[in-house]
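S.K.: have a look; sequence and predicted model below, questions after that.
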Amino acid sequence: MNIKPSAAIRKNYNEISELCKRTGAPVFLTKNGEGDLVVMDLGTFARRESMLRLRENLIAAEESRLCGKHGHSIDEVAAIMKAAVREVLNGQNK
């Protein structure tokens, strides 16, 4: 875990930016010895947000399944995915 005082972001922005990009880990900034901010590389943030959206969708799907709502069989999902891939490959998905 990378922890730096808040003054470090003002004095060493490039160093902190490089640390975030190199490690893919957030840097925790403190103010007066207490946690204040978290800084992370934009790519890492985008991946984290994407993963959270995926988890939310999976949880929603599982909740629907547990409530007895009809879903799709594996064969149905495979057919839907193949159709989507064909559309993209044929340039129909614009």
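M.R.: It's in. Residues are numbered from 1 along each chain as shown.
S.K.: how many other residues sit next to residue 29?
M.R.: By other CB atoms under 10 Å, the residues close to residue 29 number 19. C-beta coordinates here come from the backbone N, C-alpha and C atoms, glycine included.
S.K.: what's the average pLDDT for stretch 73-93?
M.R.: On average, the pLDDT along stretch 73-93 is 82.
S.K.: run the chain-centre distance for that stretch.
M.R.: The chain centre lies 25 Å from the centre of stretch 73-93; the measure is CA atoms, centre = their mean, to the nearest Å.
S.K.: all helices for the chain, in order.
M.R.: Assigned by DSSP state H, the helices in the chain fall at 7-11, 13-23, 42-66, 74-89.
S.K.: tell me which of those lies nearest to residue 32.
M.R.: For those, the distance to residue 32 is smallest for helix 7-11, at 10.8 Å, taking CB to CB.
S.K.: which helices and strands does that closest one pack with?
M.R.: helix 13-23 (3 or more CB pairs under 8 Å, 6 or more residues apart in numbering; DSSP states H and E).
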